[in-house]
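**Student:** Mind folding the following:
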Amino acid sequence: MEKWQGKVAIVTGASAGIGAAIAKALVQKGVLVAGLARRIDRIEELSRTLSMEEAPGKLYGLKCDITKEEDILKSFKWITENVGPVHILVNNAGLIKPTSLTEGATQDWRKVFDVNVMALCICTREALKIMRKNKIDGHIIHINNIGGHVIPCIPKDESLMNVYPASKFAVTALTESLRQELKILKSKTKVTSISPGMVITSEFQKNLGSAASLYYKDGPTIKPSDVAEAVIYSLSTGENVQVQDLIIRPFGDT
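**Tutor:** Numbers count the residues shown, from 1 in each chain. Below is the predicted model of the structure:
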């Protein structure tokens with residue numbers, strides 16, 4: 001990780017759960033991290049904690065609704081001018097809605113794709129613009145999901161997954177499409193998809209409610225810090241190695 005010390009990383013959805021764990025891990029490795037979220041009070045609280053621990057990096061909190069392109073553009077501009085050009089982008093922000101394909105609301109479906117696919121594409125495009133302009137060999141990391149590889153079998157009365165796996169299958173495809181595009185451009189910027197299995201976070205429980213919590217409570221899970229470790233591993237590989245697709249299952253998962 002020495003090559004990233006003092007460099008700039010952008011982490012979306014950094015206020016809690018996996019995003020907060022990734023931001024913390026990067027700061028502890030000496031990276032300057034800009035955390036994007038709608039609730040920056042949590043990011044600022046984490047930043048104060050890391051400062052007290054004398055972590056070698058620094059965490060900046062920026063209020064950003066990633067479903068709004070103007071918010072993304074404004075945030076990337078501020079980061080470039082006040083922190084520096086981005087070297088690492090972690091597209092972590094994700095959304096799942098408890099709806100169904102047979103009776104679901106259009107606005108819920110659209111919201112899932114806006115967060116999980118469109119925002120990821122916009123952030124990736126803007127980061128790559130900055131990297132190419134500044135001749136940076138960077139790293140794009142998509143926090144995917146095991147649902148981007150297999151369709152989870154969920155009891156029909158809960159109707160939890162609906163369009164969510166489709167949005168994550170899109171992330172899997174976008175990772176490979178970007179890898180091919182960067183290869184054609186002779187870019188040395190890497191792209192990685194990290195697909196964790198079940199991670200129970202406050203956002204997961206909030207969005208899916210008590211039924212999901214009961215369904216998963218006895219099953220094997222992984223922690224947000226486990227996903228953060230996978231990010232650090234992917235960033236730590238040598239120039240000749242690209243971790244394209246990393247699936248992390250809870251031990252004992254079926």
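
**Student:** If we ignore the residues flanking it in sequence, what's nearest residue 124?
**Tutor:** Excluding its sequence neighbours, the residue lying closest to residue 124 (Cβ to Cβ, 6 or more residues apart in numbering) is residue 140, at 5.7 Å. (C-beta placed from N, C-alpha, C; glycine too.)

**Student:** which SS class is that neighbour?
**Tutor:** strand (DSSP: H, G, I helix; E, B strand; the rest coil).

**Student:** Surely residue 60 is in a strand?
**Tutor:** Yes - judged by three-state DSSP, residue 60 forms part of a strand.

**Student:** still on that earlier bit, contacts only, for the residue nearest to residue 124.
**Tutor:** Applying Cβ atoms under 8 Å, 6 or more residues apart in numbering to residue 140 gives the contacts 89, 91, 124, 127-128, 178, 189-192.

**Student:** if we go to 7 Å?
**Tutor:** Residues in contact with residue 140 (Cβ atoms under 7 Å, 6 or more residues apart in numbering) are 89, 124, 127, 178, 189, 191.

**Student:** Save the residues you listed as CSV, and put in secondary structure, neighbour count and distance to residue 106 too.
**Tutor:** Shown next, in CSV, are the contacts of residue 140 (DSSP: H, G, I helix; E, B strand; the rest coil; neighbours: other Cβ atoms under 10 Å; distance: Cβ to Cβ, whole Å):
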residue, secondary structure, neighbour count, distance to residue 106
89, strand, 28, 30
124, helix, 18, 26
127, helix, 26, 30
178, helix, 21, 28
189, coil, 20, 36
191, strand, 27, 31
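
**Student:** Turn those into a markdown table, columns for pLDDT and distance to residue 109.
**Tutor:** Listed next are the contacts of residue 140 as a markdown table, based on pLDDT from 0 to 100; distance: Cβ to Cβ, whole Å:
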| residue | pLDDT | distance to residue 109 |
| --- | --- | --- |
| 89 | 98 | 26 |
| 124 | 98 | 22 |
| 127 | 98 | 27 |
| 178 | 98 | 24 |
| 189 | 98 | 32 |
| 191 | 98 | 26 |
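
**Student:** Nearest to residue 40 among these?
**Tutor:** The closest of the contacts of residue 140 to residue 40 turns out to be residue 89 (Cβ to Cβ; 18.4 Å).

**Student:** end-to-end on stretch 88-104?
**Tutor:** 36 Å (Cα to Cα, to the nearest Å).
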